[in-house]
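In: Starting from these lines, generate the structure:
(one chain, ligands or ions: 1)
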Amino acid sequence: MTKKSKILSLQEIEAYFSDDYLYFGDVINTPVASDRQARAIWKLLLLEKGSSVLELGCGYGRIANRLAEKGARVVGLDVSPILLEKAKLDAAERGVDVEYVLGDMRSLPWRNRFDAAFLWYATFGYFDDHGNEKVLREAARSLRNGGRLLIEHVNRFASLRDRSPVCYLAQCDNDLRIDIMSNDDLGDRRVGERVIVRNGRVRRAHLSFSQYSFSQYVRMLRSVGFGTVEAYGEDGEVFTPESPRLVVVASKNNT
Ligand SMILES: C[S@@+](CC[C@H](N)C(=O)[O-])C[C@H]1O[C@@H](n2cnc3c(N)ncnc32)[C@H](O)[C@@H]1O
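Out: Numbering: from 1, shown residues only. Take a look at the predicted model:
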């Protein structure tokens, strides 16, 4: 069944990534999974101790703080004050120094600064094509020449094969998070309806994002100043049509 998607405003996106998102965070991405993902990012972005890294849509800092523990100099940007507050608390507990910035990834203050930048865990594609391309352009401007950009997302081959809709259930004590995922086949977007049952109350939220193919990523990335673009599967494995995830890594042209 196809479902028509709606593109959210920044305020609606911020409301979606709220306290409920945080509450189920460690159930969805366990600390062990976050450790594994941070190791994969370190490798794919060719990071070394002292590398400067920008995470766009850093959420509650589960990846940014881990990269800082490994010795990178990390800046995390997010639109959600609640998630950034948690990221700062976690950084303090881990004894790492990460610069957390409240902002919109479509308009960034940095130029030619970072060795690497990344958007992890389906954090790209929330806007229309123009808005999504703006994110890539701003990321390119923030990187030094030769810097690397990584985007981790769902593999559209895999999600298009799903019999739509598909339900994912997460439980935390007596509370439930139910995600009902469908495809907007004509809009090339994935549509998520989230039902939260927490403390006996029910809340609903919606989100949708573009499902770009690898060749579309290549076209968009080249148009904003990237040269080579590589494809990987989940956590940097070899990409196959069956891979649940697509990881795109691009290098900014030396100019
Ligand atoms: C799916 S979460 C992923 C968070 C984090 N990357 C992780 O792996 O845990 C997407 C994040 O992007 C943030 N976000 C969405 N749109 C944004 C925008 N325009 N500018 C900055 N952050 C944004 C959300 O607030 C949320 O924290």
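In: from what I can see Trp120 touches Ile41, true?
Out: Yes. Counting by Cβ atoms under 8 Å, Trp120 touches Ile41, with 6.7 Å between them. C-betas here are computed from N, CA, C, even on glycine.
In: between these two, what contacts are shared?
Out: Ile63, Leu150 (Cβ atoms under 8 Å, 6 or more residues apart in numbering).
In: Show me the residue at the heart of this protein, geometrically.
Out: Thr123 (2.6 Å; Cα atoms, centre = their mean).
In: Secondary structure of it: a helix, I assume?
Out: No. Applying DSSP: H, G, I helix; E, B strand; the rest coil, one finds Thr123 to be coil, outside a helix.
In: Would you quantify the distance from it to Asp173?
Out: Note on Thr123: its distance to Asp173, by Cβ to Cβ, to the nearest Å, is 27 Å.
In: And Val98, by the same measure?
Out: When Val98 is compared with Asp173 (using Cβ to Cβ), they lie 29 Å apart.
In: Now stretch 220-234: buried residues?
Out: Applying a neighbour-count criterion of 16 or more other Cβ atoms under 10 Å, one finds Met220, Leu221, Val224, Gly225, Phe226, Val229, Ala231, Tyr232, Gly233, Glu234 buried in stretch 220-234.
In: quick one on the thing from earlier: so the residue nearest to the centre of the chain sits right up against Leu77, yeah?
Out: No. Taking contacts as Cβ under 8 Å, Thr123 lies outside contact range of Leu77: 10.7 Å.
In: shared neighbours, the two?
Out: Leu56, Gly57.
In: give the contact list for the residue located most distally from the centre of the chain.
Out: Checked against the mean C-alpha position of the chain, the extreme residue using Cα atoms, centre = their mean is Gly200, at a distance of 30.1 Å. Taking Cβ under 8 Å, 6+ apart, we find Gly200 in contact with no residue.
In: Next up, phi/psi of it, please.
Out: Backbone geometry at Gly200, expressed as degrees, to the nearest 10, gives phi 80, psi 0.
In: returning to what we had before: so which of the buried residues of stretch 220-234 sit within helices?
Out: Mapping the buried residues of stretch 220-234 onto helices (DSSP state H) picks out Met220, Leu221.
In: Could you provide the buried residues of stretch 220-234 in JSON lines, with additional columns for pLDDT and distance to the ligand?
Out: Formatted as JSON lines, these follow (pLDDT from 0 to 100; distance: Cβ to the nearest ligand atom, whole Å):
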{"residue": "Met220", "pLDDT": "98", "distance to the ligand": "17"}
{"residue": "Leu221", "pLDDT": "98", "distance to the ligand": "18"}
{"residue": "Val224", "pLDDT": "97", "distance to the ligand": "17"}
{"residue": "Gly225", "pLDDT": "97", "distance to the ligand": "20"}
{"residue": "Phe226", "pLDDT": "98", "distance to the ligand": "20"}
{"residue": "Val229", "pLDDT": "98", "distance to the ligand": "21"}
{"residue": "Ala231", "pLDDT": "98", "distance to the ligand": "19"}
{"residue": "Tyr232", "pLDDT": "98", "distance to the ligand": "16"}
{"residue": "Gly233", "pLDDT": "97", "distance to the ligand": "17"}
{"residue": "Glu234", "pLDDT": "96", "distance to the ligand": "14"}
